[in-house]
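>>> Sequence plus the predicted model coming up.
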Amino acid sequence: MPLRVSFDDFPTLGKKVNGKRLVYLDNAATTLKPKPVLEKMVDFYIGSYSNVHRAVHTLASRATVAYEEARMKVAKFLNADPSEVIFTSGATMGINLVVNSLLRSGILREGDVVLLSQAEHHANLVPWIRLSKFHGFGIAYIEVNEKGVLTEEAILRGKEYKPKIVSVTGHSNVTGQVIPLEFVREVFEDAILVVDGAQLVPHKRLDVKDLGLDFLVFSGHKMLGPTGVGVLYGRKDLLEVMEPFLYGGEMIDKVSFEEVTFNEIPYKFEAGTQNIAGVVGLGYALDYLEALGFDSLEEHVRDLTEYLIEELSKLEFVELYGPLDHSHVSIVSFNVEGIHPHDVAHVLDQEFGVAVRSGHHCAQPLVRALARGTKLSNFPNSTVRASVYLYNTKEDVDVMVEGLKKLKGWFG
Amino acid sequence: MPLRVSFDDFPTLGKKVNGKRLVYLDNAATTLKPKPVLEKMVDFYIGSYSNVHRAVHTLASRATVAYEEARMKVAKFLNADPSEVIFTSGATMGINLVVNSLLRSGILREGDVVLLSQAEHHANLVPWIRLSKFHGFGIAYIEVNEKGVLTEEAILRGKEYKPKIVSVTGHSNVTGQVIPLEFVREVFEDAILVVDGAQLVPHKRLDVKDLGLDFLVFSGHKMLGPTGVGVLYGRKDLLEVMEPFLYGGEMIDKVSFEEVTFNEIPYKFEAGTQNIAGVVGLGYALDYLEALGFDSLEEHVRDLTEYLIEELSKLEFVELYGPLDHSHVSIVSFNVEGIHPHDVAHVLDQEFGVAVRSGHHCAQPLVRALARGTKLSNFPNSTVRASVYLYNTKEDVDVMVEGLKKLKGWFG
Amino acid sequence: MIYSDAIMDYAKLRKYRGKIENAHRIEEGKNVSCGDEITLYLVFDGDRVAEVKFEGQGCAISQASTNVMIEVVTGKTKEEVIEIAKNAENMVLGREFEAGLLGPVLLFQEVGKYPMRVKCFLLPWKTLQIALER
Amino acid sequence: MIYSDAIMDYAKLRKYRGKIENAHRIEEGKNVSCGDEITLYLVFDGDRVAEVKFEGQGCAISQASTNVMIEVVTGKTKEEVIEIAKNAENMVLGREFEAGLLGPVLLFQEVGKYPMRVKCFLLPWKTLQIALER
Ligand SMILES: Cc1ncc(COP(=O)(O)O)c(C=O)c1O
Ligand SMILES: Cc1ncc(COP(=O)(O)O)c(C=O)c1O
C-alpha cells in the first residue's frame, strides 16, 4: 500500500528557507513533528496535565492514565510487557543506564568482554570505553570493511572474544546499513544482546521477543516525537535483578535514613518527575505512525533510498559509502571530490534550501575507517549525509542532486 | 507592585473539574503551563526546530541559537556564567549527576562525610544513601524538630561531622520552610555546598555567586516550564575537573576505539540529543516569570501563604506542620483529625474541585519525623499538602477551607 | 461519591483489627505511592481460611476493603479465596467478573472510576493473594 | 554567499601550507563538532611573529581564514597579534571592532550571519591565541 502522507500535517515543509522550498534531508539527526501531535500535546498540557502516580485528584488521575497508556502503546509496538518498557530522556540515556546498572549489579565485571562494532555511534561507544577504565572490563570490536560495512564474516569473527555482552547498532547512522540482528543473535546465543535502535526503530516494527533482544534503546525525536524522551526495553528477569541507575522519588518503596528499598519494575528505573508530556507525545507520535502503517513507511523509505543511491551514483564526482544494496536504508553518506562536506552542506542550504548534515555524525571511528577505502585525493574525515523519511519525495532527491551539480561547477 | 496575572494565559483554570471550578493547589508537585509558553514551543517546533550544534543548515542554526539563548537567560537569572549552566532532565537527574561525577572524579571518597538534612526530598537522599553503600563514604544528618523544621541550632550542630559536602534543600516540599542558605554557607565555609532548589527557585531569584553555592539543581516543570527539563548550576572550576556522568554524542572531543577526550563545559555534561524544545520552553517560561517580576511573585505567594495558615489555624480539627512563621512559604502541610489524607484529598477534589496532594510527598523520613510532634490520635504517616503559586487567590483558599469544614461534618 | 454509609461503616469496624499470636501466616502489604501499610494474620484449618485479622492503617477505602475482604473470605477454601480475589480485581479494573462470588465487595465497584484509588481497594486483596500463593 | 572569489582564492592558497622544522611553537587546534583540525607552526623573532605555516584540513572557510590570518599577522608583535585576534572575534560575533586593524580579515564579516560557521572562521584565530598566551 502506498504511503498516504498529509503534507498539511508538516507545516515546516511549507516554509521557505533562504527563499527556497525547504527540502529536509536531515532526518537521521531528528525528524519534523506532525502538527496534530503538537496540538494534542498542548491539549494534554491544558486539559489533563499534572504530576503522575502521586496524587488522587482528577488532573493527576488523567495524567497518570495518559502516561501509562503511552507505555502500553510502546509495549504493544515492541511486543513487550509494559513492565519492560522504561521511559528515558533518550537513546543515549538508555545506554548509560544499561552499562551503569549492569556494573552496579555485578552482571558486568572486571575481566568480562563486551563486544561492540566499529560502526557505532558515540552513544554506544563512549559509555563502554570510559566505564571500562574505571571498572576494568574488556572491549572488543566487530570490524567494518573499507566501505564501513559490517559483514557476516566479521560478525562471526567476533565469537573469538567470547563476549558476555554484545552491544551493536541496529542501523548505522553513517552508512545506512541495517544490521542483520537475527544473525547476531544466532552467533552470540548466550550473550546479553543490547541493540541501539535509535535509527532502526523509526523505520521498522521490531518484535523484541522474536528477535531475542535483551535490551533495546531508542529516541522519540527521531520518529516524529518530541525531544527529551526515549525508551529502554529490558528483559523482565534482567531488569528485576538490576540495581537502578538514577535514584530519587517514585522509584523507591521505602526510605529511612539508612536504607532504601525499591519499587517494582519499570518504576524503579524511573526516578523523579518524568518527561510526562514528552512520554504522552511519544504515544501520539506512535499513533500517527501506526495509522500510516509501518510496512508502507518502510517501503516508501526503501524506494526513496534506492532512487537516492541511483541518482548520486550518476555523479562521477561523488563518492558513496555504505553497502549500497538492499540492506542500505534511509541514510546515504557521500563526499564531493575536492569540496569539504561543510561547504557542500552550507551551499545546499543557502542556495537550494536543502538541509543535509556534514561532519563525523558522532561516529568518528567509523568515519575514519572510511578513509581506508576512499579514492578521494584528500579524505576530509567527515561526510555529507542525506537521510529520508516518510514525508520526503523523489523531487527532494532531484533538488539535491541538481544542487550538487551546480555546486561542483562553482567550486570547480 | 501587585502581581498582574492574566488568567486567560491559564485556560486550565477555566475548566471545570467534577462540575466545579478547578482550584489548583498542587503547585509543589508541578505547575500549570501558560498558553503563550506552549504556543511558542509549537512555533519553535514548526519554524526553527532541528538538532543542535551539529549541522550547518538553516534550521539547525536557528535551533542552536534558540537553545543557547535559553542557556544565557538561565545564566543571567542565576548570575552565573553560561558555561556553568548545564541542562538536565530535571532536579533528580541533577543530583544524580553531581553525586556520580564527584565520586568518579575522586572528589568524594571513601571515608568522607556528606551532611544532608532530615528534611530532604528522596531526590536528595536516595542517590547519596545508595551510592554510599557502593563507595563507602559516610552520611550524617541535620535534624529536624518535632514540627519538621530545621533550626539554626541544628544546622550548627552539623559542624561536628566535619562534612566535606553539605547537600540541603533550599525550601522543604513538606513543611514549606525556606532554609537560611546564607547561614548554611557561613557555618560550612569550606564544604562543597549543593542546594536542591526544586521548590526554592520557582519562588525566588537567587544569586549563586552571592550565596556562594557550588551546585544548584532545579526543575522546569515546577516553574511554568515543560516537563523533562531542568538545570544544574555548577561552579566552573569544579565542573572543569569533574568526570562527566553521562557519555555519548556531543559531549566528546575525540573518540578512538581506545580513548576518549571530552568537550569543554558545559557541553561535556550534555551527552546525546538534549530536550531541545524543553530547554527553549524553559527559556520562555523564565521570560514569562521575569515579565511578571519575581519580587511581586514572591510577595503574592507570601501573602497567600499567610492567609492560608491563618484560615487553617481557625479549624480546631486541623493540625498544621512546619514553621508557621515568615520562613514558611507556599506549601502548607496538615492533617484532619480522624480522616486519612487520601480521603481528604479525594473528597476535596470530587466535591469541591480542589486539587491538593496527599501522601508522603517523596519525603518519608521527614513525614515520619512529624509523628514526634503530633497531637492526632492516629498519625497517618502522611499529610495533606496545599501549595500556592502565582495564579492562586484568596478565594481558592476559601473554597478549600469551606470544603474541609463540610468534609469534617460528613466524616464526623 | 465512593464514601457510601456502608463503606464508612466498614471502615470503622473494629472486630477484625489486631494481631493473632501463633498465626500460620503473617503477610505485610504496602502501597508504595501512598505509604499505606497493612499486616494480615492468617489462621488455616486444613485447606480453609479459618480466621483473619489485620493491623496497620490507611485511608477509609483500604480499611473498609480489608474488613469486607476478611468478612467474605473467612471460612472459604484457599482455592475459593483466590477465585474471589481474582474477581474482585477484575471488578475494580473494569473487566468481566462474576458478581455472585463477591457479596459486599460489590460496594466498591465505583472505586474503579478513580484510578488513583484502585490501589487502596486492592491493597488487602493483593496482600492476601501473596500470602496464599507462598 | 560567503564563498566570494576572494575567499575561494585564499582557501586554495598553498604558500603557507606545510611544517616548519624547528618551529618555536607548535599548536594544534580543532573544532569538536565538525572534526576540522589544524596545526600551526610558529617562528618568533624576538617579540615578533616572524613566520607561520600550517598543516591540517577543513572546510573552505577555515582554510581561507587560516591563510588570511597568517598573511595578516606575519611580522607583527605578539601584542599586536592578540589585539587583531580580539577584533577578528568581535567582528564575527557581531560586536564592535576596529576595522582598521583587520585588512583582508574583513572578507569574512558575513560569516557572522551563519552561527554554525563562526567556529570554522575562528579555528585558526583561537589556536593562535592559545599558542601566544602559553
Ligand atoms: C524539594 C524537592 N527536591 C527535588 C524534587 C525532585 O524534582 P523532580 O521530580 O522534578 O526531579 C522535588 C519535586 O518533587 C522537590 O520538591
Ligand atoms: C545510531 C545512533 N545511536 C544513538 C544515537 C543517540 O540518540 P540521542 O542523541 O537521541 O540520544 C543516535 C542519534 O544521534 C544514533 O544515530
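Thanks, I have it. Numbers count the residues shown, from 1 in each chain, chains lettered A, B, ... in the order given. Ligands and ions are numbered 1, 2, ... in the order given.

>>> residues from chain C in reach of chain B?
Within chain C, the positions near chain B by C-beta under 8 Å from any C-beta of the partner chain are C:1-3, C:8, C:33-36, C:57-61, C:114, C:117, C:120. C-betas here are computed from N, CA, C, even on glycine.

>>> can we see that at 7 Å?
Contact residues (C-beta under 7 Å from any C-beta of the partner chain) of chain C with chain B: C:1, C:33-35, C:57-60, C:117, C:120.

>>> List just the nearest of the residues you listed to chain D.
Using C-beta to the nearest C-beta, residue C:33 comes nearest to chain D of the residues of chain C next to chain B, at 43.0 Å.

>>> Assumed residue A:375 was part of a helix.
No: counting by DSSP: H, G, I helix; E, B strand; the rest coil, residue A:375 is not found in a helix; it is coil.

>>> So what sits opposite residue A:359 in the bridge?
Applying DSSP bridges to residue A:359 gives these bridge partners: residue A:383.

>>> That one - how many residues pack around it?
Residue A:359 has 25 neighbours, counted by other C-beta atoms under 10 Å in any protein chain shown.

>>> How about residue A:293?
As a burial measure, residue A:293 scores 16 neighbours (other C-beta under 10 Å).

>>> and residue A:140, what are its bridge partners?
Beta-bridge pairing for residue A:140 (DSSP bridges): residue A:115.

>>> any idea how far residue A:217 is from it?
Distance, residue A:140 to residue A:217, by C-beta to C-beta, to the nearest Å: 21 Å.

>>> ok, for the closest residue to chain C within the stretch 51-200 of chain A, nearest residue in space, not its chain neighbours?
Using C-beta to the nearest C-beta, the single residue of the stretch 51-200 of chain A nearest to chain C is residue A:56, 4.4 Å away. Nearest residue to residue A:56, sequence neighbours excluded (C-beta to C-beta, 6 or more residues apart in numbering or on different chains): residue C:116, at 4.4 Å.

>>> May I ask which two of the residues of chain C next to chain B are separated the most?
Largest separation among the residues of chain C next to chain B by C-beta to C-beta: C:1 and C:35, giving 23.8 Å.

>>> more neighbours, these two?
Shown here are residue C:1 and residue C:35; by other C-beta under 10 Å, residue C:35 has more neighbours (22 against 10).

>>> Contact partners for the residue of the stretch 1-150 of chain A at minimum distance from chain B?
Per C-beta to the nearest C-beta, residue A:92 is where the stretch 1-150 of chain A lies closest to chain B, at 2.6 Å. Neighbouring residues of residue A:92 by C-beta atoms under 7 Å, 6 or more residues apart in numbering or on different chains: A:123, B:246, B:248-249, B:271-272.

>>> Tell me the one among those nearest to residue D:44.
Nearest to residue D:44 among the contacts of residue A:92, with distances taken as C-beta to C-beta, is residue B:249, at 39.4 Å.

>>> For the stretch 51-200 of chain A, which residues are neighbours of ligand 2?
Within the stretch 51-200 of chain A, the positions adjacent to ligand 2 are A:90-92, A:121, A:123-124, A:169, A:173, A:196, A:198-199 by C-beta under 6 Å from any ligand atom.

>>> and the closest residue to residue C:31 other than its chain neighbours, what helix or strand is that in?
Leaving out its chain neighbours, the residue that sits closest to residue C:31 by C-beta to C-beta, 6+ apart is residue C:119, at 5.1 Å. Element membership for residue C:119 (DSSP states H and E) is helix C:115-133.

>>> and that helix, average pLDDT?
Mean per-residue pLDDT for helix C:115-133: 92.

>>> Residues of chain C that sit close to chain A?
Taking C-beta under 7 Å from any C-beta as the measure of proximity, chain C contacts chain A at C:32-33, C:114-117.

>>> ok, now which ones touch the residue in the stretch 51-200 of chain A positioned nearest to chain D?
With C-beta to the nearest C-beta, the shortest gap between the stretch 51-200 of chain A and chain D falls at residue A:122, namely 11.5 Å. By C-beta under 7 Å, 6+ apart, the contact set of residue A:122 is A:362-363, B:248-249, B:252, B:255.

>>> closest to residue B:98 among the residues you listed?
Nearest to residue B:98 among these is residue B:248, at 18.7 Å by C-beta to C-beta.

>>> Name the residues of stretch A:43-50 that are buried.
Burial within stretch A:43-50, assessed by neighbour count using 16 or more other C-beta atoms under 10 Å in any protein chain shown, is assigned to A:44-46, A:48-50.

>>> Can you list which of the residues you listed are found in strands?
In this view, those have no member that belongs to strands under DSSP state E.

>>> Would you reformat those residues as TSV and include pLDDT and distance to chain D?
Supplementary listing: the buried residues of stretch A:43-50 in TSV, determined by pLDDT from 0 to 100; distance: C-beta to the nearest C-beta, whole Å:
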residue	pLDDT	distance to chain D
A:44	97	33
A:45	97	30
A:46	96	34
A:48	93	38
A:49	92	34
A:50	89	38
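
>>> how about stretch A:356-374: buried residues?
Under the neighbour-count criterion of 16+ other C-beta under 10 Å, stretch A:356-374 has A:356-370 buried.

>>> and for stretch C:120-127, what are the contacting residues?
B:342, C:27, C:29, C:31, C:36, C:38, C:40, C:58-59, C:61-62, C:65-66, C:69, C:85, C:88-89, C:92, C:108, C:111.

>>> Low-confidence regions, chain C specifically.
Applying pLDDT under 70 to chain C picks out residues C:33-34.

>>> Also the stretch 101-250 of chain A?
Scanning the stretch 101-250 of chain A residue by residue, none of them satisfies pLDDT under 70.

>>> go with 90
A:249-250 (pLDDT under 90).

>>> which residues sit in contact with residue A:200?
For residue A:200, the contacting residues are A:170-171, A:178, by C-beta under 7 Å, 6+ apart.

>>> That should have said residue A:175, apologies.
Counting by C-beta under 7 Å, 6+ apart, residue A:175 touches A:119, A:148-149, A:321-323, A:333.

>>> give me that answer again for 6 Å
A:148, A:321-322 (C-beta atoms under 6 Å, 6 or more residues apart in numbering or on different chains).

>>> How about residue A:244?
Contacts of residue A:244 (C-beta under 6 Å, 6+ apart): A:251, A:268-269.

>>> Including pLDDT, could the residues you listed go into CSV?
Formatted as CSV, the contacts of residue A:244 follow (pLDDT from 0 to 100):
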residue, pLDDT
A:251, 81
A:268, 95
A:269, 96
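
>>> nearest to residue C:133, of the contacts of residue A:92?
residue B:246 (40.5 Å).

>>> can you tell me how far residue A:220 sits from residue B:219?
Separation of residue A:220 from residue B:219 (C-beta to C-beta): 20 Å.

>>> Looking at chain C, which residue is nearest chain A?
For chain C and chain A, the shortest gap (C-beta to the nearest C-beta) falls at residue C:116, measuring 4.4 Å.

>>> pretty sure that residue is touching residue A:62, no?
No: applying C-beta atoms under 6 Å, one finds residue C:116 not in contact with residue A:62, separated by 10.1 Å.

>>> Residue C:112 against residue C:97, yeah?
No: the pair formed by residue C:112 and residue C:97 falls short of the contact definition of C-beta under 6 Å, at 10.5 Å.

>>> Look at residue A:220 and residue B:219 and report which has more neighbours.
Between residue A:220 and residue B:219, counted using other C-beta under 10 Å, the more crowded position is residue A:220 (32 against 29).
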